[in-house]
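In: this is a predicted model, with the sequence first.
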Amino acid sequence: MSTPALTVTDLAVGYGHGRTTFRAVDGVTFTVAAGRTTAVVGESGCGKSTVAKAVMRLLEPTSGRIEVHGTDVTHLPERRLRPLRHRWQMVFQDPYGSLDPRLSAVDIVGEALRQRGIRDREARRSRVAELFDRVGLPAASLDRRPEEFSGGQRQRIGIARALASEPDLLICDEATSALDVSVQAQVLELLREVQRDTGISCLFISHNLGVVQGISDEIVVMRRGRVVESGSTSTVLATPREEYTRRLRRAALDPASMRGRKPRHVVHSLSLTGA
Ligand SMILES: Nc1ncnc2c1ncn2[C@@H]1O[C@H](COP(=O)(O)OP(=O)(O)OP(=O)(O)O)[C@@H](O)[C@H]1O
């Protein structure tokens, strides 16, 4: 078996200092197999984003181990991390806040290419045009600023920016939850296509089991900072062991049961027999 793209072992992450530390994530273990997608799901505040940020090394873990393609990166100092950083890229939840409003789309995506050592402006522009084509954005929109794009298009820019670094691991943190259902489905389809074409591995984070069912191979269910259940997507969806997972499944099927969530977040195509 090939080395997993990502291995997270017994991860704990706390916020605060000393006696006021709050352990947001505790004892979390899972893998993302090479070329596959693992979804981390759970209700708001269960620690999904904290896991993603720790994997990105934006947060220092309290304990545990994070390996990317077999390399232990848990406590790698920044100078040794920098040359590896392009290998894992994040697509953020908020397509409105995650793009610099002062820059044109070509410069936003081109910055990732500049960091990869492509100094020539025209070469960057033509590579960004290729990436725009890849993510379904019109070539004529290269010089537009983020405010001139729709939410779904902005998310496509975010995906193009992530792909510009030619990563082998994509971390999508609620990457489609701010979008309307039909746009969400289109962006999910794009992510599926990208994965099929590039063999990229993906850690997909969502509160919505309906969203992850079509994209993930494995599901890790989190509650209050811990993993309560994990397994293949079809098994977890068809025969959830935990009442909590059944509740998430009901929430994905029935908008009315989604306390505090807007119905537009719900994908209605959840199949009870799995992916
Ligand atoms: N910077 C912070 N300081 C203190 N506590 C935090 C901080 N960020 C998150 N938390 C707490 O850690 C817990 C996990 O938060 P996290 O954002 O990881 O959850 P989540 O599952 O991603 O939630 P959501 O789906 O709402 O984004 C929550 O109780 C949250 O209030």
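Out: Now that the structure is in, tell me what you want to look at.
In: every contact and neighbour count from this point should use C-alpha atoms.
Out: Noted.
In: which stretches of the stretch 1-150 of the chain form helices?
Out: Taking DSSP state H, counting those that start in this stretch as the test, the helices found in the stretch 1-150 of the chain are 48-55, 78-85, 105-115, 121-135.
In: ok, how many other residues are close to R119?
Out: Counted by other CA atoms under 10 Å, the residues lying close to R119 total 12.
In: got it, and H17?
Out: By other CA under 10 Å, the residues close to H17 number 8.
In: which residues touch it?
Out: Applying CA atoms under 8 Å, 6 or more residues apart in numbering to H17 gives no contacts.
In: got the phi and psi for it?
Out: Main-chain dihedrals, H17, degrees, to the nearest 10: phi -130, psi 150.
In: what does this protein have sitting close to the ligand?
Out: Within reach of the ligand by CA under 6 Å from any ligand atom, the chain has these residues: Y15, A24, E43, S44, G45, C46, G47, K48, S49, T50, H207.
In: now the buried members of those.
Out: By neighbour count, with 16 or more other CA atoms under 10 Å, these hold Y15, A24, E43, C46, G47, K48, S49, T50, H207 as buried.
In: what residues are up against the fifth one?
Out: Right, the one you point to is G47. So G47 contacts A24, V25, M222, R223, R224, G225, R226 (CA under 8 Å, 6+ apart).
In: in helices, which of those residues fall?
Out: The helices in this structure, assigned by DSSP state H, contain none of the contacts of G47.
In: thinking C172 is in contact with I215, fair?
Out: No. In this structure, C172 is not within contact of I215 by CA atoms under 8 Å, at 11.5 Å.
In: show me what contacts the residue in the stretch 51-200 of the chain positioned nearest to the ligand?
Out: The minimum distance from the stretch 51-200 of the chain to the ligand, using CA to the nearest ligand atom, falls at V51 (6.5 Å). By CA under 8 Å, 6+ apart, the contact set of V51 is V13, V25.
In: tell me the pLDDT of it.
Out: V51 carries a pLDDT score of 96 in this model.
In: what is V13 paired to in the beta sheet?
Out: Beta-bridge pairing for V13 (DSSP bridges): V25.
In: just give me the neighbour total for it.
Out: Applying the criterion other CA under 10 Å, we find 24 residues in the vicinity of V13.
In: look up how far T37 lies from it.
Out: Shown here: V13 relative to T37, a distance of 23 Å by CA to CA, to the nearest Å.
In: do the same with L190
Out: With CA to CA as the criterion, L190 and T37 are 14 Å apart.
In: and the two? Which one has more around it.
Out: Neighbours of L190 and T37, each counted by other CA under 10 Å, are more numerous for T37; the result is 27 against 17.
In: and that one, what pLDDT?
Out: pLDDT, T37: 95.
In: same check on R264?
Out: Per-residue confidence at R264 stands at 38 (pLDDT).
In: what's the closest non-adjacent residue to R161?
Out: Among residues not flanking R161 along the chain, V109 sits closest, at 4.5 Å (CA to CA, 6 or more residues apart in numbering).
In: er, R114 I mean
Out: Here the nearest residue to R114 in space, its sequence neighbours aside, is R124; by CA to CA, 6+ apart that works out to 7.5 Å.
In: ok, P61 - contacts?
Out: By CA under 8 Å, 6+ apart, the neighbours of P61 are L11, A12, V13, G14, A54, T74.
In: so what would you say the end-to-end distance of stretch 32-50 is?
Out: Across stretch 32-50, the terminal residues are separated by 17 Å (CA to CA).
In: should've said stretch 84-102
Out: End-to-end distance for stretch 84-102, by CA to CA: 28 Å.
In: now it, how far from the centre of its chain.
Out: Relative to its chain's centre, stretch 84-102 lies at 10 Å (CA atoms, centre = their mean, to the nearest Å).
In: cool, stretch 194-201 as well?
Out: Between the centre of stretch 194-201 and the centre of its host chain there is 14 Å, according to CA atoms, centre = their mean.
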